[in-house]
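[1] prediction below, plus the sequence it came from.
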Amino acid sequence: MTILQILLIWIICCSIVYMSENNYFKLSNKVVIAPLVAVISIWFVYWLELVLETNFNQFGIYPRTLVGLRGVLLSPFIHGSLEHLYNNTIPLAILITALFYFYNKVALRVLVIGTITSGLLTWIIARSSYHIGASSVIYLLASFIFFKGIFTKYYRLVALSLIVVFVYGSMLWYLFPIKDGISWEGHLGGFLAGLFLAIVLKAKTPAPKKYVWEQEDFKEEEDPFLQQFDENGNFVELESEEINEEIKINYHFKENTNKED
């Protein structure tokens, strides 16, 4: 786990503690269960491969073949090595946690529709090889969280988008064929699916705070501050009545009864 990933986890945890106090962002069981199920699932499949002394690569996405379509749903659970599995585990857990906390209402749809969409895009555009791994889902989540936060214009979600870019911005290079053995097509499919869902899915955000003068029932003529200005914005001195009141001052003293010897 890198320092940046630890930083992102810490920021999300602080956000959960702070933002769960209001009426919009609430900590639910899904925030804990969803990433836990995802991580256990991919590790269980890898453990099963070790026990059976085989690999499930043939269940991955094989482009433009009918049998290869099964990989649209199965490929995110299959990994080629322990390093591959470990590299996908932490980002997957972090991003699913962020998704289900900040976008709880649409989180499940993002995962299901996004996984299918990115898998189909990979099946259409990819090279003739088996494409496996949860990295397409990671790109899906990172893309959706980034673009949705920007589109909502809600400052906390925009901040989350910037954090995701800060921590996982280097993933952008792997949308292109810069390294052999990496399914850049799967990454690109996940990225495009995340962008598409960020545009299509509507996620409710907290209403922006309105000041007194922005509210509909605000009356300028009754506002004490605005009464100091005329219709042209010039300062007007308010007439004040001088009230003369008799001021009574009472002095209290205590006689010194002590006598000097």
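    Received, thanks.

[2] report the contact partners of residue 76.
    42, 115, 133, 134, 136, 137 (CB atoms under 8 Å, 6 or more residues apart in numbering). Any C-beta I mention is one placed from the backbone N, CA and C, and that applies to glycine too.

[3] would you list the buried entries among those residues?
    42, 115, 133, 134, 136, 137 (16 or more other CB atoms under 10 Å).

[4] could I get those as TSV with secondary structure?
    Below are the buried ones among the contacts of residue 76 laid out as TSV (DSSP: H, G, I helix; E, B strand; the rest coil):
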residue	secondary structure
42	helix
115	helix
133	coil
134	coil
136	helix
137	helix
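
[5] Serialize those residues to a markdown table and add fields for distance to residue 105 and pLDDT.
    Rendered in a markdown table, the data for these read as follows (distance: CB to CB, whole Å; pLDDT from 0 to 100):
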| residue | distance to residue 105 | pLDDT |
| --- | --- | --- |
| 42 | 25 | 97 |
| 115 | 18 | 97 |
| 133 | 28 | 95 |
| 134 | 23 | 96 |
| 136 | 23 | 95 |
| 137 | 19 | 97 |
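
[6] of these, closest to residue 159?
    residue 137 (23.3 Å; CB to CB).

[7] with adjacent residues omitted, what lies nearest to the closest one?
    residue 76 (5.1 Å; CB to CB, 6 or more residues apart in numbering).

[8] that's a helix at residue 203, yeah?
    No: counting by three-state DSSP, residue 203 is not part of a helix but coil.

[9] just checking, it touches residue 149?
    No: look at residue 203 against residue 149 with CB atoms under 8 Å: they stay out of range, at 9.7 Å.

[10] looking at these two, which one has more neighbours?
    More neighbours surround residue 149 than the other of residue 203 and residue 149, with 27 against 20 (other CB atoms under 10 Å).

[11] who's in contact with the more buried one?
    So residue 149 contacts 157, 158, 159, 160, 161, 162, 164 (CB under 8 Å, 6+ apart).

[12] I'd like the distance between the fifth one and residue 78.
    To tie it back to what came earlier, the one meant is residue 161. 30 Å (CB to CB, to the nearest Å).

[13] who's more crowded, the two?
    residue 78 (25 against 19).

[14] next, count neighbours for residue 54.
    Considering only other CB under 10 Å, residue 54 is surrounded by 10 other residues.

[15] quick one: low-confidence parts of the stretch 1-150 of the chain?
    Within the stretch 1-150 of the chain, the segments meeting pLDDT under 70 span 1-27.

[16] now the strands for it?
    Using DSSP state E, counting those that start in this stretch, no strands are found in the stretch 1-150 of the chain.

[17] for it, just list every one of the helices.
    3-19, 29-52, 71-74, 82-102, 107-125, 135-152 (DSSP state H, counting those that start in this stretch).

[18] residue contacts, the residue nearest to residue 34 when sequence neighbours are not counted?
    In space, and not counting its chain neighbours, residue 34 is closest to residue 100: 4.8 Å by CB to CB, 6+ apart. Contacts here follow CB under 8 Å, 6+ apart; on that basis residue 100 touches 28, 30, 31, 34, 35, 107.

[19] distance check, residue 100 against residue 89.
    Distance from residue 100 to residue 89, by CB to CB: 17 Å.

[20] for residue 70, same thing?
    23 Å.

[21] OK, contacts around residue 126?
    So residue 126 contacts 61, 63, 183, 185, 186 (CB under 8 Å, 6+ apart).

[22] try it again with 6 Å
    The neighbours of residue 126, taking CB atoms under 6 Å, 6 or more residues apart in numbering as the test, are 63, 185.

[23] can you check residue 107 too?
    So residue 107 contacts 99, 100 (CB under 6 Å, 6+ apart).
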